[in-house]
Each structure stands twice: as structure tokens, then as C-alpha cells.
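J.: mind folding the following:
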Amino acid sequence: MSSGNAIQRFTYDWLIRFAELHPIETRKTKRLKVVHYGPQHSRLAQVSPLFTTLLNRYMPIILKPYDVLYFESLPMRVRTPQGQRLTIPDKNGRIFVITKTVASYRSCRAGALTTRLSKRVYYTDVKSTFASNSSFTPYELMYLAREAVNKLQFSNCFVTEVVKFTDLWPLLRRKTTVGLDIKNLSFEKAEMAKVLLNQPSEIHISDFYVHLDLSIEKVMLFIECFLFCPQFPTRLDICFEKGYQHSSLEQIAATIKERMIASGYVWNIENGENTEISFYSTFLNSNVLQALIVRTTNKMFYVLHN
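T.: Residues are numbered from 1 along each chain as shown. Prediction:
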């Protein structure tokens, strides 16, 4: 059967949908040194003139920029590795797929990302996602967590409905950097124990920041989790609202020290003088947060608190 006869077996609507679902990751796109991957780069355009026409009309606009910056009050902008800046129009009949990027959300209200998705602007294989001073719906929070590959960091963010940490955790386990300063993110001890200690060998987090209520049980659940990981995070910040007794932090710090020494870690004999504490600890310069800061280098560790 000729290729022309084979194509005739399918409806034109199905072929349109096929073009809209054009593969994003192919061998050629991995090697391609272009920002805009279009029909001229697709092997499918070589099938027949009909396929070429369909791709020109319906194939997604595939962008591989360096980063995406989204303020709700401004059009979405992307910046290429060469420094070129592009603006994503608010209204466009074509699908936009932005891949292998660094995405930043600043001062966005809940629902703004959903609106963008409804206009058929999608992300896939996002290298890093940063969000600050923004609100998200539970769906948007999960979407960002699912699409981020390496780093996912929230600073002073809010989710419109209570989201359980245990629902979010499975999407975080394989990332390298995780920062969770999110109001309405719920930490329930009983549920945390089940998920944090489940298959810790799959956790690859090297930098972890979390903002929660002061509870020695919850803090130690994170410590226990990371002790069973292939490698304890090199930088761990557990932050709390101001107002707790200094002695409470000292007690938890002492408990962490005792548990880590029992697990074979060696206390830093320099008392942390050369310990790098830059990670999320810059927030501690304010009068808002208190924190426990754990730093490890191989099997050496130190615990700081303010």
C-alpha cells in the first residue's frame, strides 16, 4: 500500500490533532541549536506535501529559551541564551510549548497560570521553577511541581485551598533543590511519617528548605527521612515564625546532633565556623523567621539556629 493510500484512511480532523500533538523531544530537537523549533525542522514534513501543509498550520510553536519571566500585569516574556527577548502574545490560535527552560513567577495571582494554560501555552521539562510573592490554586501548585525537573522553589507564596504536603511530596522526591515557603501547605504528622519514610532511596534532594510550625516530631521526621536517603542534603533549612523560645530550638538542635552522630555522621570540630549557610538563610536577616540550619559535607555536619 502506497503512503498516499495509507494517509487517506485517516480523517482530516485526526491529522490536525496529530500535528497539534507533534513530539517535543526527538533526537533532532536535542541537537538543534535553535530557539524556535518549527515545521522546517520536523522529519514529518518530509512525508508528503499534505503533512507539510498540516504542520505549517497546526504544529505547536516549540520554544527552547533560556528563561521565562511571568508577571501577571505584563505579557509573558522569554529570553534566549543569546540574550534575545521574545513576548508570548495573550491571544494566539497556535499552541505554545516551552521546554528546557527556567521559569519565574513574580507577584502572580491565583488562576493566572490556569488562564495561560487555557490559552494553550504549556511547559514541559522545566529545568528550574522559581515563584515569589504569588498565589496559586491547588491545581497550579501541582502543575508547577510536576513539570519542574531539577529545582522548585517557592518564596512567600500562598495556595488558595489547603494542600497536604503528603500529596505534594511524591512530585518533589527526585528534584535536587526544593524550597517550600507556602502558606496553606498542611503538614500532618501521621501522614508525613508514612510518605517520608517510604522508599527514601528514591530521594535525590541536595538543597531543601521548608517553612512549618515548630514541632520536634515533624522536624525529626525530615531528619529521619534524609538519613535513609543515598545522601543527606548538603543544605537543609527548617524555618519557623518568630516567637518560639530559644531553648526550644536548642533542644531540637541537640536532638538532631545526637541522632546524626548515632547514624555515623561526624560533628564539625570547628563548630561550624567555615560552614556555608547562604542557601535560604538570607531570610533570617529579617525579624520574621527563626530556623534550624543543617549543613553536611560528606559525613561531617553542623547544626545552627537563631
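
J.: where does the chain have low pLDDT?
T.: Scanning the chain for pLDDT under 70 picks out the ranges 1-11, 23-36, 65-67, 69-93, 242-246, 270-289.

J.: elements contacting the helix or strand Leu168 falls within?
T.: Assessed by DSSP states H and E, Leu168 sits inside helix 165-168. When contacts are defined as 3 or more Cβ pairs under 8 Å, 6 or more residues apart in numbering; DSSP states H and E, helix 165-168 sits against helix 138-147, strand 177-186, helix 189-196. (C-beta placed from N, C-alpha, C; glycine too.)

J.: how far does that helix sit from the chain's center?
T.: 14 Å (Cα atoms, centre = their mean, to the nearest Å).

J.: can you tell me what sits against that helix?
T.: Leu141, Met142, Ala145, Leu180, Leu185, Ser186, Phe187, Glu188, Glu191, Met192, Lys194, Val195 (Cβ atoms under 8 Å, 6 or more residues apart in numbering).

J.: which non-adjacent residue is nearest Ala148?
T.: The spatially closest residue to Ala148, leaving aside those adjacent along the chain, is Thr129, at 4.2 Å (Cβ to Cβ, 6 or more residues apart in numbering).

J.: and the angle for the host helix or strand of that neighbour with strand 177-186?
T.: Element membership for Thr129 (DSSP H and E) is strand 126-132. Here strand 126-132 runs at an angle of 50 degrees relative to strand 177-186 (axes from the mean of the first three to the mean of the last three Cα atoms, to 10 degrees).

J.: tell me how far Ser206 lies from Ser48.
T.: 49 Å (Cβ to Cβ, to the nearest Å).

J.: who has more neighbours, these two?
T.: Ser206 (16 against 13; other Cβ atoms under 10 Å).

J.: these two touch, right, that one and Thr234?
T.: Yes: judged on Cβ atoms under 8 Å, Ser206 makes contact with Thr234 at a distance of 5.4 Å.

J.: show me what counts as buried in the lengthiest helix in the chain.
T.: Longest helix of the chain, by residue count under DSSP state H: helix 246-262. Across helix 246-262, burial judged by 16 or more other Cβ atoms under 10 Å covers Leu249, Ile252, Ala253, Ile256, Lys257, Met260.

J.: make CSV out of those and add distance to Leu304.
T.: Below are these laid out as CSV (distance: Cβ to Cβ, whole Å):
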residue, distance to Leu304
Leu249, 10
Ile252, 12
Ala253, 8
Ile256, 11
Lys257, 11
Met260, 14
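
J.: quick check: closest non-adjacent residue to the residue nearest the centre of the chain.
T.: For the chain, Leu152 is the residue whose C-alpha lies nearest the centre (Cα atoms, centre = their mean; 2.7 Å). Spatial nearest neighbour of Leu152, excluding adjacent residues (Cβ to Cβ, 6+ apart): Thr129 at 5.2 Å.
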